[in-house]
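Chemist: Provided below are the primary sequence and the corresponding predicted coordinates.
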2 protein chains.
Amino acid sequence: MSDNNKQKRQIKLGAFLMETGHHIAAWRHPDALASGGLDFAHYAELAQIAERAKFDTIFFADSVSVRDDNLASLSRTARADHFEPLTLLSALSVVTKQIGLIATVSTTFNEPYNLARKFASLDHLSGGRAGWNLVTSNTESEAHNFNFEKHLDHEVRYERAREFYDVVAGLWDSWDDDAFVRDKASGVYFDADKLHVLNHHGKHFRVRGPLNVARSPQGWPVVVQAGASETGRELAAQTAEVIFVAHQTFAEAQSFYRDLKARVARYGRHPDHLKIMPGIFPVVGRTQAEAEEKFDALQSLIQPTVGVSLLSKMIGGDVDLSQYPVDGPVPELPETNGGKSRQRLLFDLARRENLTIRDLYLRIAGARGHQQVVGTPQSIADQLQQWFEEEGADGFNIMSPWLPGGLAEFATLVVPELQRRGLFRTEYEGRTLRENLGLPRPVNRYAQSNHVAAAALAG
Amino acid sequence: MSDNNKQKRQIKLGAFLMETGHHIAAWRHPDALASGGLDFAHYAELAQIAERAKFDTIFFADSVSVRDDNLASLSRTARADHFEPLTLLSALSVVTKQIGLIATVSTTFNEPYNLARKFASLDHLSGGRAGWNLVTSNTESEAHNFNFEKHLDHEVRYERAREFYDVVAGLWDSWDDDAFVRDKASGVYFDADKLHVLNHHGKHFRVRGPLNVARSPQGWPVVVQAGASETGRELAAQTAEVIFVAHQTFAEAQSFYRDLKARVARYGRHPDHLKIMPGIFPVVGRTQAEAEEKFDALQSLIQPTVGVSLLSKMIGGDVDLSQYPVDGPVPELPETNGGKSRQRLLFDLARRENLTIRDLYLRIAGARGHQQVVGTPQSIADQLQQWFEEEGADGFNIMSPWLPGGLAEFATLVVPELQRRGLFRTEYEGRTLRENLGLPRPVNRYAQSNHVAAAALAG
C-alpha cells in the first residue's frame, strides 16, 4: 500500500450501473441508450467514464428473476433484460485497469463453493479489483425460479447468509499467499504445508475445500453489504467492509453511520475498516433551474402503471397498491416478509410529508429510496461534503438518472468540484480495490499457525 | 448464415485449453508457462493463436474441486489452481472476435436458472459465440464441497442432467427473438405477447421463469456433451449438438460415430446436427524422430507418484493403485460409480497390450484416454483425414501437450497442411459459433403458437 494512504480522509465513490439508468423511466430519455442492458460497448463506456474520473468502483445490483410480476408495468420498463453481473464484470476487467468491480450475488440460491471460486477468479482476472455484494433474495419471483413456493423467512435467510459468508471466507484462505512455488527442477508445484482444508460442517452447509484457485491478489475480494435491518446491521458490523445503504435524510444517515461504526468497534474491528456509502441520485445542472428542468423532464416520462407497480414492489410482500386511489393517501399496511428496512423507510416518508400514492411513487421512481439531489455541481458537492464531514457517510454510490449522460455529467461537473475542495482523489492511491478504499488486506487465518490441516486432505 | 455453408464438409477444430497443457508434466516443460493457470495474458495469447488459425472454438474442461485427493501427487501437478471457466471466457470474449467459447459447467451442483442466465449473458457478450458443455459431477472430492458425503449415483446424475437441460433450454426460449421493441415514444419496452413463462414442475426442479435475459444471438448457446456410457449416449442423441469424446483406436471411433449418428436419426434429428469431435493429443515434429524426441522429453518429466495417482483417479471410485507394484500388471477391479465409459476404455487398453501400471500411466499421462498422435504435420493430417473421411469424426478437440508452444506448433504446422488438402477453412464462414459449426439456430418453441403463456405471469 502506498504512502498516499497517510493523506487526509477522502470521499469514496462508486458508480451504480443499472441498464439505462437508475430512474424508472430512464430508457425513454432522449439521450439514453434504450438497448443498454445487453450492450457490452455501453457498459465498457460507462466503466471507462468512471475510471477516468477516478471512481473507486463500479457496482452492479442483481436479481435472479425479472424484477416485476406485473406484466403491464414490466413491459414498460427496461428491467427485464440485462447481463448477469459476474460475466459482465469479467469482461469489463479487460477494458479497465484500476477501477473496482463489485457484483451482487445472492446467498439464498447459490452454493458457497461456486461463489468463492468465481469471485477469486475475478480477483485474479482483474489484478485485485473484485468485490462481492452479499445479499439475500427476498422476492417471490426469485423463489419461484429456485424450487420454492415462497421466499425464505427473513431470519432464516440471514442465518444462511452468515454461514455462507463463513464458508466463502474460509475457502478464500485455502492457500497461503506463497503456496505456489512452481519449481520445474524439483517438480514441486506447490508447498503441501501451505494448503488448508476448511472441513466446514454447519447447519446449512458441509463444505470440505480447498478452493481450486490460488489465494487472490486482495487475499479476499472486498465484502460489501446492503442490509439495514437489525439483523442486517449485525451481520454487516461483523463481516462487511463496505455498506451500500439508502437514506432519505441527513439525520437518518448520521444515525445509521454512528450506529454501525459503534457496532463495528464492539466486534473489535477498526471503524475505518467499514466504509459506509449511501446511494445518491444526482441530477446535475449548470443552474438550479436547469437541474430541476432535467428532473421534471424525466419524471414526466413515468407511466402511472409503472409508478404504482414500482411502489408496491418496493414495499414488498403481497402489497398491490393498484387497488387504492392513486391520488389518495398511502394506506397503512401490515409488516410483510420483504425487506423490512425499506418498508419502514417508505411508510415514514409518506407519513412525514403526507404524500398520496402518486406523490410517493414520483418521489421514489428516480432515487428509489435513496437520497435525491437536484442541483448545481456546487450544491451537490455541498451536500456530499456535509454528509462526509459530519458522520453521515464515508463515500457515495452514484446512481445516475440515465446512462451514459447522467454519469458523464457527474464525472465532468461534480467530481472536479470535489477535487478542488480536496475531498476526492486526483489519482488512484494503489492498484487494488482494497488499496484505493483504504482497507487492510486480510491475513490468512492459517498464517503463522501449525499446518496440521493439510495432512487431512490425504485421509 | 452465409452461402459458404453449401461448400463441402470440412473438419471442425476445438482448442482444448488446460492451464499449462494437457500432458500431466506439461508445467515442467522448459517452454511452458508454469503459472499459466491464473494468468489472463496467457489465455488471451492461446485464444488468439487459435483464432488466427481459424479454430471453431476454444474449450474448457472443469471440476468443482482440486482434481486429485492425493496430496503428494497434487502438489506436483499444475491442476490445483486455475480460473473458473465462465469468468475466464467472459474476459476472453473481449480479446477475440470470431472463435467460439465453450465452458464446462456441471448439472450436479448448480441451479438451472443460474446456468441458463450465465450462458445467455456470455452469448450476448460475445455476439453469439457461447457453448455449454453439459456434464455431471462424478468425484467424491466435488461432492464434499457441496454438502454430500458421496457423489450421486450415475443414473440419478443423468436423470437430473436431463431435466436440468429441459429447464435451461426452456428458459432460453423465454422471449421471442423480436420481443424487445424499446419504443421510447409509446413507452413500450417489450411486447408482452412475446414473453413466455416456462412453469416447469419436474422431479428435480420447479422453475417458473422467465429468464431475465433477452433471447441470445444464437437462440440457444451450442450444447456440448461428453458422456459415452449408454445413458450418456442417449442423452447426447436427444440433446447434444457437439460431442467431445475419447477414443484410443479408429475402430472405436468409427463404432461410436455410427452408433451416435444412428441414435440421432432415431430421435428425428438430422445426423449433421450432431458434430462428433474426439480429443487428439498431437506431438508435432518436422520429422518423426523429432516428434518422438519431444514426446520422450515430456514423458521423462512425469514423477511416478503423479503417474500412479493420475491412473487411479482416471479409473475412479476408491481405486488406489499405489498399493500394487508399479511394474506389475494392471489388476482386475470391480466396476465403480465413477465415469463408466472411461474405466472400460482403460481396462481394455491394458488387457489388449498387456501393460504394467507404469506402462499404462505413461500411455495415458499425455492424452489421458484420448488418441495420441506423435508425428509430422503430414502424418498427423493423414490420421485426422482418415478419421474424418471414414466416419470416425466430424472434427477434433486438440489437446496440446504443453502451452502455448504445443498449440502454436499445431496452428502453424498442421493447420496449413489441412488447409492445403481442402479439409479445413481458411476463413470463418459466419459470425456465430453455430454458423461456423454448421448448426441450425433453434426456432423458439413458442414461435407461431398462441401466446397464452404470457398471461400467466400476472396471475
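Modeler: Received, thanks.
Chemist: where in chain A is pLDDT low?
Modeler: A:1-7, A:68, A:317, A:334-341, A:448-459 (pLDDT under 70).
Chemist: which parts of it are strands?
Modeler: Along chain A, the segments classed as strands by DSSP state E run A:12-16, A:57-60, A:100-106, A:130-135, A:180-183, A:188-190, A:200-201, A:206-207, A:222-225, A:242-245, A:275-284, A:371-375, A:395-399.
Chemist: list the contacts of the second one.
Modeler: The reference is to strand A:57-60. Residues from elsewhere that reach strand A:57-60 (Cβ atoms under 8 Å, 6 or more residues apart in numbering or on different chains): A:13-18, A:46-47, A:50, A:85, A:88-89, A:92, A:99-104, A:129, A:131, A:133, A:224, A:244, A:397, A:433, A:437. Glycine gets a C-beta too; all of them are placed from N, C-alpha and C.
Chemist: one more pass at 7 Å, please.
Modeler: Identification of contacts with strand A:57-60 by Cβ atoms under 7 Å, 6 or more residues apart in numbering or on different chains yields A:14-17, A:47, A:50, A:85, A:88-89, A:99-104, A:131, A:397, A:433.
Chemist: ok, now the first one?
Modeler: Counting by Cβ under 7 Å, 6+ apart, strand A:12-16 makes contact with A:22, A:46, A:50, A:55-59, A:275, A:277, A:279, A:394-399, A:407, A:424, A:437, all of which sit outside it.
Chemist: any idea how far it is from the chain center?
Modeler: 9 Å (Cα atoms, centre = their mean, to the nearest Å).
Chemist: contact residues of the stretch 151-300 of chain A facing chain B?
Modeler: A:180, A:182, A:184, A:187-190, A:192, A:205-210, A:212-214 (Cβ under 7 Å from any Cβ of the partner chain).
Chemist: just the buried subset of those residues, written out for PyMOL, thanks.
Modeler: Burial among these is assessed by 16 or more other Cβ atoms under 10 Å in any protein chain shown; the matching PyMOL selection reads:
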select buried, chain A and resi 180+182+187+189+190+192+205+206+207+208+209+210+212+213+214
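Chemist: residue boundaries of the helices in the stretch 351-459 of chain A?
Modeler: Applying DSSP state H, counting those that start in this stretch to the stretch 351-459 of chain A gives helices spanning A:357-367, A:377-389, A:405-409, A:415-420, A:433-437, A:452-455.
Chemist: wait, the stretch 201-350 of chain A
Modeler: A:230-239, A:250-266, A:288-299, A:304-315, A:340-353.
Chemist: please identify the buried residues of the first one?
Modeler: So the one you mean is helix A:230-239. Going by 16+ other Cβ under 10 Å, helix A:230-239 has these buried residues: A:231-233, A:235-237, A:239.
Chemist: angle of it against helix A:250-266?
Modeler: Following axes from the mean of the first three to the mean of the last three Cα atoms, to 10 degrees, one obtains 50 degrees for the angle between helix A:230-239 and helix A:250-266.
Chemist: for the fourth one, same thing?
Modeler: Note on geometry: by the same axes, to 10 degrees, helix A:304-315 and helix A:250-266 are set 30 degrees apart in direction.
Chemist: quick one: contacts of helix A:304-315?
Modeler: If you take Cβ under 7 Å, 6+ apart as the criterion, helix A:304-315 is touched by A:24, A:68, A:70, A:72-73, A:76-77, A:319-322, A:326, A:333, A:342-343, A:346, A:357, A:360-362, A:364-365, A:368-369.
Chemist: show the end-to-end separation of stretch A:63-82, please.
Modeler: Chord length of stretch A:63-82, first to last residue, is 10 Å (Cα to Cα, to the nearest Å).
Chemist: check which residues of that stretch are buried.
Modeler: A:63-71, A:73-82.
Chemist: which residues does the residue nearest to A:Ala53 when sequence neighbours are not counted contact?
Modeler: In this structure, A:Ala53 finds its nearest non-sequential neighbour in A:Ala411, 3.7 Å apart by Cβ to Cβ, 6 or more residues apart in numbering or on different chains. Going by Cβ under 7 Å, 6+ apart, A:Ala411 touches A:49-50, A:52-53.
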